[in-house]
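Chemist: I'd like to go over a predicted model; first the sequence, then the structure.
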Amino acid sequence: MSRPSTRSKNKRNKQGDNGDTTSEILRKIHATGEITNQDINTLYKNSKPVCQGCRVNTKDNPNCFCGLIPPPNGSRKSGLWQKTSEILQNLGPDPSQDLRSSDDCPAGLTNLGATCYANSILQCLYMNKPFREGIFLVEPDVLEQQPVLNQLSRLFALLHLSKMAFIDSSPFVKTLELDNGVQQDSHEFLTLLLSLLERCLSHSKILKAKAIVQDLFRGSVSHVTRCSKCGKDSEASSKMEDFYELELNVKGLKSLDESLDDYLSVEELQGDNQYFCESCKTRVDATRSIKLRTLPTVLNFQLKRCVFLPKTTTKKKITSAFMFPGVLDMRQRLSEPSQIESIYDLSAVLIHKGTAVNSGHYVAHIKDEKTGQWWEFDDEHVSNLGTHPFGEGTSSSNSKPLKPEAVNPSCSEQMNGVSNGDKMDIDHQPSDSVTSCDVETFSSSDAYMLMYNLRHSWKDNGKTHVECNANNMKIEDGSFSGSLPFNLCEEIKSSNALYLESCRKYTFKKEEEMSCIKERRQEVRSILSEAPVRSLEEPFFWVSTDWLRQWADHITPPVLDNSSIQCMHGKVPASKVGSMKRFSAEAWTKLFSKHNGGPILTNDDSCTICLIDGARDVVSADSYRDRRILMKQVAEDAIAGRCSDGTYYVSRSWLQQWLKRKILDAPSEADAGPTVSIRCPHGQLLPEQAPGAKRLLIPEILWLFIYQDALTVKPAEDLGCSTFLSDSLQCSECSDELSEVACMEDSLRLVREKQRQTHDKLAAGKSIPLSLHCKYYLIPYSWLSKWRTYINAAGRNISSVEKPETLDGIMDLIKCEKHSRLLERPVDLVCKRGLISQKSSPVDGLVFITESDWKSFCEEWRGIEEKGVSAEIKLSNTEGNNLAESSDDMQICEEDLSTPNLVNSEVDSRSLVIRTFPEICEDCIGEKESRELMRKLEYCNEDIYVYLVHGKEAPKYILQASETSFDPDRRVSKRSRKTNTGDQISLKVSGSTSIYQLKMMIWESFGVVKENQILHKGTRIIDSECATLADLNIFPGDKLWVTDSEVHENRDIADELSDQKMDVQHTEEGFRGTLLTTNISSQVV
C-alpha cells in the first residue's frame, strides 16, 4: 500500500481560486434577485472541510481551529500557554529558595558591594565555638552600651538560629561605618576588629566573655639579641610582646615549615650593624632572633603574599604554591620546650582570589568542629567540601591535597602522612605525646591566612560551666551550648515564623495558580475539540475570531463579544467570514455557560441585505474596471502623440504615473489632482517653461473619466482638478517672472564669460609665470578659489552658486587694525627650469596676480586700486643684505637650480625674497597662529595612530608619517592592522589626555608595560608622563611609534588599574574614619 501524499496538506488555496466563484454567485444574485441555501453556504464558506494541519489559523476557512493553541508540547511567550517557569516568575521571587537546606548547613552573609573581606573574617569568628559562646555571654546592659558588640551578637544569633540561607550583614557594617564600596585587606580588618572587641568586652563582668579575645588569640614573643662575645642577652630580650597572628614570608618559600624556619631564623649583626653590649661596653658582633614564648588557643598565620617592587614602585601579589599541613606540632618551635602538648589542627583557610593586590575576592574554607565537615563560605553561597579543606577529590589548580611530602621536622619524629588521592599513607612511630597522627599536606596559590586550633581546646571548653542570668535564655541544640538574650531569641523565632509563613503562602499561591492554569487549559482543549461542525444540516453558532484568540490565550478570559462580526442590520455579513468561526451547538453551550456575553449569532442570521448590496458593488466594479482598461489605451495613445483630438490639458508626469497604477475596482486617492502641477498660484495655466509644468492634450472622453474619479476621491478639492482647454492662455504674470529670471541668467552668463576671457589663466587654475623686479598684486587664495567656482558654474544650478564678496571688504580683512599690515603671508615660490612660479595647490595665504588682473578685478568686483597689496620678487645677497622686514626667504630645491641661464646663475649665489607693500605683520600673525594652534589642540574623542615597532628603529615610512603636519580634512584608515615591522592601532584621545593615560592604552592594546614603552613622534622621544598631548603638540590623526625596551618584567594591567583606582579613592587610608581606628571603643546608640 502506497503512502498517502502530504505535500499539499498545508498548502493554502490562492485567494483568486474562490474569488471567481464568489463573483459569479454575486452577479447571479444581482441578476435574479434570488439567494439559495447553496449560495449562502458557498459565500460563507460553510462547506469548507474541517482543517487539521495548518501551522497558523486560516482566515478564509471558518472551520479551521488550528493555531489557536500550541501543540501538546509547545508553549508561547505570554498568556495561558507560557512556560511554567515563566508563569511562576510572574508570582515574584520564591522565598523558599532562600531557606536554609538543613540545620547543619551554615548560613552565608550578603555582599554589600565589596565586603567579602569582612564576611570571610566574620564567618571564621562565628565558626569558632568558644568565641561565639563568649560573645553570647555578654550582659544585655553591656550590649546596649556597646553597639558593635550588640550588632555582632545579633549577627551571630541570626547565623545560628535563622531559617534563612544567608543573613544581611549591613547593620554590622554600618555600625562599624565601613565603606561597602571599597575593597580592604582582610588581615588588617581582623587585627583592628579584635582590638576593638577587646576594648568593648572589657566592660563585661563575666570573666569568660571579658577575656575571650585574649584567651583565644593572644600569644607572646620576645626579640632576643645575644652578644657573640660574652654570650649574654640584652635587657630588652626578656620583655615579652603580645601577638594575635604571626606574619610569615612567602616569597621564595614553599611551605609553612620553611616560613616558620625563616620567621625564627637567627640574624647576624656584623660590621655597620654591630650591637653595643652593655656588659662588654663596646660594639660587638651579635645575633638577633624571635623567640616564641607562649602560643594561643587559635594560632593564626598571615601569609605575606603582597610585596613591594622598587623598580616599578608598585605592589604585586605572589601567586606561587604554598604547602601547609592539616596537623601542626608547635612544641619544638617554643623557645622553652614544654611538656604540654601543642598539637594544632587546621580549622580555616582564608583565600584571596585574583592577581591584583587591591582587588580580587575573599572566600573562607572553614571546618565544623562538631561534624568534621569543611565548608566554603563565599558571601551568600555556602558549599559543603566534605572532609578536605579544598573538597573531596578536588582538581583545582590553585588549591589541592598533595602527594607525600616532607612534614614539619618538629612533628616528623611522631607522625608522617600525606594525602594521596583517597588513600592515606601513614607512618606511625612511638611518641610520648602522640601515639598516632594522620597528617595530610595541602597546597594553595591563593591561601592568604591559615587558622589552627589547639587540639584539646574544644574538649576542655566543652566541660566549662556556662554562666546564665535572668535576662538570658539557655540554648542547647546539640551544636551549641550557651545563652542568648531572651528578647533576641524571641525576635529571631518570630522572624523565622513570619518567614516560614511567607514560604507557605507562596507555595499555596503557586499551587492555586498552577491548578487554575491546568483547569483553563483543559477547558480550552475540550471546547476546541468539540467546536467543528460536522455537516451542513447541523445548526451552529458564529464566534468572533478575535475574541476566540483572547479566550484561548488569556488566563482570565474576557466576556464573550461578537459585536465586531455584526453588521448594521444586526446580522452576520459575508464580508466578515474571515473574522469568525463556526461553533457546534455543544461547544457553544459550554462556552456561553461560562463566559456569557453576545450577541448570539446562529446559522439563520445571514444578512441578505448585505449580500444584495455586495452583488451590486461587484457588478459596478466590473463596469469600472472595463472602462478603465479602455481609458488606459487612450492615455497611452495621448502620451505617444497618436491622439489628434486632444482638447484638455493634464500634467504629463501625473498621467504617466496614472498609467503605471494597478487597475482597481474603484478610484483611489492617487487619482486626484490631474492638473495640480500645471496650475499656477493665480489659478491659471502655468507656463510650460516652469519646472515640472510639462503638459499634454488628452481627448474629452479620457478627461471626463479622470475628472469624475478625481471628484469622487476628493469632492471638496475642486481646485486640484481645474479644467484647462486647449485654447487656455498661459498666466501673464508667471510668464513675465520667468522671462525676467531667464534674462538675468543670460546676463550672468555673459558676465562670467567675459571674466573667463579676461582672466583666462586664473579661471583655468593655471600657474602664472613670475619674473624678477616686476610688480605684482596679492589677493587671498580663498577669495580666488570662490571666484573661480562662481565664474565656471554652468547648467541649471548657475543661479545657486554663491557669489564672492567685494574686493574692498576682502582686502580690509587681510590687514590688521593695529598696524595696518598684512595678516597673511604670500605662498611659497619655486624655481624650476629657469621659471619662477607659485607653489601648486596652496591651502591658504596670498597668491600672485598680474597688475592687469588686479585692475580688472577692481572694476568687476568693486575694488579700490589704491588698497591693493603689491609685491616684488628680488634677489638678496648672501652677505645678508636685508631688503625689508616683511621679506620672506623662499625655499628653492637644489635640483631646480641646475639650468644654466641668467636667473639660475644669479640664484646660485643669492636667494629669492618677496617684498610686499604694506609689510607683513609678524606680531599679529604670531598671535593668530597661536590662537589657531590652541583651537586645534582643544580636540576631544579623536583618533591618533600608534605603531608597535619590533626593532630599535622605525621604518622610513613610519617616520615620515609621524612628522607629517596636521591636516583635519585628510582621510585615513581607522582599522587596526599588522605591518611588516609591527602592529598598528587607533586610539580615541583628547588634547587633555596625559602621556601616562596614553601609555596605559598602549599597554592594554599591545601588552607592553608602561615602564618599557619608548614612545616617539618622528625622531622625538616622548617621556614626560605628566604632560598632555596638547602640551606636546600631538594632533588628531598623528602617527606615533613605540618600542619595547624589555627592561622591566611583565605584569597584569589589572594591578596598575586597581592601584590607580585605589590611589584616586585615597584607600591608602585603609580603615581611617571607621570605628575600627577610633580610640573610643564604640558609640552609644
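Modeler: Noted; the coordinates are in hand.

Chemist: longest single helix anywhere in the chain?
Modeler: Longest helix in the chain by number of residues (criterion: DSSP state H): helix 486-530.

Chemist: Report how many residues lie close to Glu86.
Modeler: 12 (other CB atoms under 10 Å). Bear in mind the C-beta positions are built from the backbone N, C-alpha and C, glycine included.

Chemist: And for the one 5 residues further on?
Modeler: Per other CB under 10 Å, the neighbour tally for Leu91 reads 12.

Chemist: Does it lie in a helix or a strand, and which?
Modeler: Secondary structure from DSSP states H and E places Leu91 outside every helix and strand.

Chemist: before we move on, back to that, can you name the element that comes right after the longest helix of the chain?
Modeler: strand 540-544.

Chemist: mind listing what that following strand pairs with, with the direction of each?
Modeler: Within its sheet, and counting by DSSP bridges, strand 540-544 is paired with strand 580-584 (antiparallel), strand 601-602 (antiparallel).

Chemist: Packing partners of the helix or strand just after that strand?
Modeler: Remark: after strand 540-544, the chain's next helix or strand is helix 545-553, criterion DSSP H and E. Helices and strands touching helix 545-553, as assessed by 3 or more CB pairs under 8 Å, 6 or more residues apart in numbering; DSSP states H and E, comprise helix 486-530, strand 580-584.

Chemist: Next, format those as a markdown table and append mean pLDDT and mean neighbour count.
Modeler: Putting the helices and strands packed on helix 545-553 into a markdown table (pLDDT from 0 to 100; neighbours: other CB atoms under 10 Å) gives the following:
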| stretch | mean pLDDT | mean neighbour count |
| --- | --- | --- |
| helix 486-530 | 87 | 14 |
| strand 580-584 | 89 | 23 |
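
Chemist: Using JSON lines, lay out those together with distance to Cys643.
Modeler: JSON lines is the format used below for these (distance: least, CB to CB, whole Å):
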{"stretch": "helix 486-530", "distance to Cys643": "63"}
{"stretch": "strand 580-584", "distance to Cys643": "51"}
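
Chemist: who wins for proximity to Tyr452 among those?
Modeler: Closest of the helices and strands packed on helix 545-553 to Tyr452 is helix 486-530, at 31.6 Å (criterion: CB to CB).

Chemist: just checking, what packs against that closest one?
Modeler: helix 84-89, helix 147-161, strand 472-476, helix 545-553, helix 585-595.

Chemist: hey, which of the ones you listed is tucked in deepest?
Modeler: For the helices and strands packed on helix 486-530, the largest average neighbour count (mean count of other CB atoms under 10 Å) is found in helix 147-161, namely a mean of 22.

Chemist: Quick check: can you name the pairing partners of the following helix or strand past that helix and their directions?
Modeler: Following helix 147-161 in sequence order, the next helix or strand is strand 166-167 (DSSP H and E). The strands beside strand 166-167 in its sheet (DSSP bridges) come out as strand 108-109 (parallel).

Chemist: for the record, mean pLDDT for the partner strand?
Modeler: If you average the pLDDT over strand 108-109, you get 93.

Chemist: buried set for stretch 554-562?
Modeler: Ile555, Pro557, Leu560, Asp561, Asn562 (16 or more other CB atoms under 10 Å).

Chemist: Tell me who's in contact with the closest residue to Leu729 other than its chain neighbours.
Modeler: Nearest residue to Leu729, sequence neighbours excluded (CB to CB, 6 or more residues apart in numbering): Leu685, at 6.8 Å. Applying CB atoms under 8 Å, 6 or more residues apart in numbering to Leu685 gives the contacts Tyr649, Ile678, Arg679, Phe724, Ser728, Leu729, Gln730, Cys731.

Chemist: State the distance from His554 to Leu88.
Modeler: 18 Å (CB to CB, to the nearest Å).

Chemist: what's the longest strand anywhere in the chain packed up against?
Modeler: Ranked by residue count and defined by DSSP state E, the top strand of the chain is strand 343-353. Under the contact definition 3+ CB pairs under 8 Å, 6+ apart, strand 343-353 sits against helix 116-126, strand 327-329, strand 361-367, strand 441-444, strand 447-454.

Chemist: what mean pLDDT does the shortest one have?
Modeler: Right, strand 327-329. Rounded mean pLDDT across strand 327-329 is 91.

Chemist: mind listing what it pairs with, with the direction of each?
Modeler: Taking DSSP bridges as the criterion, strand 327-329 forms sheet pairs with strand 343-353 (antiparallel).

Chemist: May I ask which helix or strand of the protein has the lowest mean pLDDT?
Modeler: One helix or strand of the chain scores below all others by mean pLDDT, DSSP states H and E: strand 423-428, with a mean of 35.

Chemist: who does the residue nearest to Leu729 bridge with?
Modeler: Arg679, Gln730.

Chemist: OK, contacts around Arg367?
Modeler: Arg isn't right for residue 367; it's Lys. Contacts here follow CB under 8 Å, 6+ apart; on that basis Lys367 touches Met127, Asp345, Leu346, Ser347, Ala348, Gln373, Trp374, Trp375, Pro389.

Chemist: Tell me how far Thr758 lies from Arg752.
Modeler: Applying CB to CB to Thr758 and Arg752 gives a distance of 11 Å.

Chemist: let me redo that: Phe541
Modeler: Going from Phe541 to Arg752 by CB to CB gives 83 Å.

Chemist: ok, now His819?
Modeler: According to CB to CB, His819 and Arg752 sit 37 Å apart.

Chemist: Same question for Leu987.
Modeler: Distance from Leu987 to Arg752, by CB to CB: 49 Å.

Chemist: How about Ser782?
Modeler: Taking CB to CB, one finds Ser782 at 20 Å from Arg752.

Chemist: And for Ser579?
Modeler: 69 Å.

Chemist: Please identify which of those two sits among more neighbours.
Modeler: Arg752 (18 against 14).

Chemist: so what's the more buried one closest to, chain neighbours aside?
Modeler: Per CB to CB, 6+ apart, closest to Arg752 is Ile791, 4.4 Å.

Chemist: Tell me if I'm right that that neighbour and Thr758 touch.
Modeler: No: counting by CB atoms under 8 Å, Thr758 is not a contact partner of Ile791; they are 9.9 Å apart.

Chemist: now the longest strand of the chain: mean pLDDT?
Modeler: Computed over strand 343-353, the average pLDDT equals 93.

Chemist: so what does the helix or strand harbouring Leu762 touch, helix or strand wise?
Modeler: Counting by DSSP H and E, the element that carries Leu762 is helix 760-764. Where contact means 3+ CB pairs under 8 Å, 6+ apart, helix 760-764 is packed against helix 781-791.

Chemist: What is the neighbour count of Leu778?
Modeler: Residue crowding around Leu778 was assessed by other CB under 10 Å; the count is 25.
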